[in-house]
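> pasting the structure only:
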């Protein structure tokens, strides 16, 4: 090794150039990891042509690896988990060992808005191409499984013929824009966000100016006083408020997100009128594209930039560099008056008709059921349905004299508009059945847990959320549930590793938002789960103060009471 000029006998140190966080706006344009490289090599949107002209004709084995595990996500496609691989091997096997030869396909449903014709097509595609699968996600989408690459072009043709799409439903892109499912119809609405949502879609979807982001970008917009789009955990959110001088508009939030490093969004203190929302949205999206961290994937979300910059600097950059004008200061949203914000039940619309919200079990439905829901809605005078961020559905525009018949028809499909607390409040991610990241099963376990808790605690009627996640990534929002269950392998009383959950208690959104408490060493096997939840809810009922919510009680209870 050569000597340094200052000390001829000392070995020369290797000088490494600091590469920063990979932010484009400060000149770091060289890809710093494989994901950034494949995005630079070819825009993810371009993979559609190869799917249509090559892969669908030559089959699964013809797919380039960077398309298979990368760019195909830009069109809503992930390989699903190969059957029979247990959770203990999730973090051990290589991607190609976990990959099945089938795909999950995500249909984006911005604002949860569907016509009955669209819902019928979704159901028909499910039955013809997806072995009947069609799960409602907690971001208002529909997810298929068992999709063959040979069938993808025909599925796109069917969906796009009725105005649906899978574009940027996954990938490092603007994902689905969640919105109030009762926008434009609810009696108590502050402002109807529909025009802004439609303009945001027009500007962004399929636009290569926004098809290479550091990672995914989640959007929420709602003018409902119920705060019904989990705005606190989105990258950007527009929340309906009334300005004392300017009237209805939106309060602007940025930097929320969960996963393994959860952060609640922060207010910028800015009031945005309806007509300016698309400009502000593009500004925030562009900040993420230009200043977002690209060096490490686990720091490539907007929440990390917001945490480092703070709200004041973020707002200043937005105003000075992107909007070229100042935003109006505005008020914070008021706390909702109720904990449930899923719109389940029968509610009056502003036009005098009714909307009916109902609860599948943990978002699990099937194509045949979706087709029947469309038929049932049309038979009772409705041509519009909605999905919600709580894995629920709503039928709009029902005449009052048709409500009872519609509710009975839903009950016949095991889709109740009068669910128990447990059916209403239990959510589950995809889990090990199809997800390559999962460690434990979730959907079936969540459904059976509902039945068991209804049997054991038939009179329990307090609002409670129970969220099951198959891995630490929090797709089912475990940190903000009353009872959040993070899937992992645990040791049972016989010393064997079995499927189980780490327990988070007392999380909440809307009313006093915050993350759940982790009790030291509190892990529950899947078999013990009904016993544990029955035990902790019974203690809550016995020891709470008058009117005390579960989250409040869990924050003050002893570890012994929560064990």
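Received it, and whenever you're ready, just let me know what you need. Values in this document were obtained by computation on a predicted structure and should not be read as measured data.
> can you give me the helices in the stretch 101-250 of the chain?
116-129, 152-160, 194-204 (DSSP state H, counting those that start in this stretch).
> ranking the ones you listed by burial, who's on top?
helix 116-129 (a mean of 21; mean count of other C-beta atoms under 10 Å). C-beta: built from backbone N, CA, C; applies to glycine.
> quick one, strands of the stretch 101-250 of the chain?
113-115, 133-136, 142-147, 174-179, 217-222, 236-243, 247-254 (DSSP state E, counting those that start in this stretch).
> now what about stretch 41-51, what contacts it?
Stretch 41-51 is contacted from outside by 64, 66-67, 70-75, 149, 152-153, 167-168, 171-173, 206, 208, 211-212, using C-beta atoms under 8 Å, 6 or more residues apart in numbering.
> wait, residue 433 touches residue 441, no?
Yes: with contact defined as C-beta atoms under 8 Å, residue 433 counts as touching residue 441 (6.4 Å).
> and residue 67, what's its pLDDT?
For residue 67, the model assigns a pLDDT of 98.
> got phi/psi on it?
Backbone dihedrals for residue 67, given as degrees, to the nearest 10, come out at phi -80, psi -40.
> excluding chain neighbours, what is closest to it?
Sequence neighbours aside, residue 47 is the residue nearest to residue 67 in space, at 5.2 Å (criterion: C-beta to C-beta, 6 or more residues apart in numbering).
> do residue 150 as well
Closest to residue 150 by C-beta to C-beta, 6+ apart is residue 56, at 5.3 Å.
> and residue 262, by the same measure?
residue 479 (4.8 Å).
> which among the contacts of stretch 41-51 count as buried?
64, 66-67, 70-75, 149, 152-153, 167-168, 171-173, 211-212 (16 or more other C-beta atoms under 10 Å).
> show me the contacts for the spatially most central residue of the chain.
With distances taken as C-alpha atoms, centre = their mean, residue 139 lies nearest the centre of the chain, 4.1 Å away. Residue 139 sits next to 175-176, 178, 218, 389 when contact means C-beta under 8 Å, 6+ apart.
> could you dump those residues to a markdown table with pLDDT?
Converted to a markdown table, the contacts of residue 139 look like this (pLDDT from 0 to 100):
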| residue | pLDDT |
| --- | --- |
| 175 | 98 |
| 176 | 98 |
| 178 | 98 |
| 218 | 98 |
| 389 | 98 |
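> which among these end up buried?
For the contacts of residue 139, buried by 16+ other C-beta under 10 Å: 175-176, 178, 218, 389.
> tell me the one among those nearest to residue 411.
residue 389 (23.8 Å; C-beta to C-beta).
> give the contact list for the closest one.
Residue 389 touches 112, 138-140, 178, 228-230, counting by C-beta under 8 Å, 6+ apart.
> and residue 103, by the same measure?
Contact partners of residue 103, counting by C-beta under 8 Å, 6+ apart, are 72, 77-80, 145, 147-149, 152.
> how about residue 172?
So residue 172 contacts 35, 39, 44, 212-216 (C-beta under 8 Å, 6+ apart).
> PyMOL command to pick out the buried ones of those residues?
A single PyMOL command selects the buried members of these (16+ other C-beta under 10 Å):
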select buried, resi 35+39+44+212+213+214+215+216
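> pLDDT for the contacts of residue 172 - can I get that in CSV?
Shown next, in CSV, are the contacts of residue 172 (pLDDT from 0 to 100):
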residue, pLDDT
35, 96
39, 98
44, 98
212, 98
213, 98
214, 98
215, 98
216, 98
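> which of the contacts of residue 172 sits closest to residue 359?
Nearest member of those to residue 359, counting by C-beta to C-beta, is residue 216, at 27.4 Å.
> can you get me a residue count around the closest residue to residue 350 other than its chain neighbours?
Once flanking residues are discounted, residue 350 sits nearest to residue 187: 4.8 Å by C-beta to C-beta, 6+ apart. Applying other C-beta atoms under 10 Å, we find 11 residues neighbouring residue 187.
> which of the contacts of residue 103 are buried?
72, 77-80, 145, 147, 149, 152.
> ok, which pair from these is furthest apart?
Longest span within the buried ones among the contacts of residue 103, C-beta to C-beta: 72 and 145, 15.0 Å.
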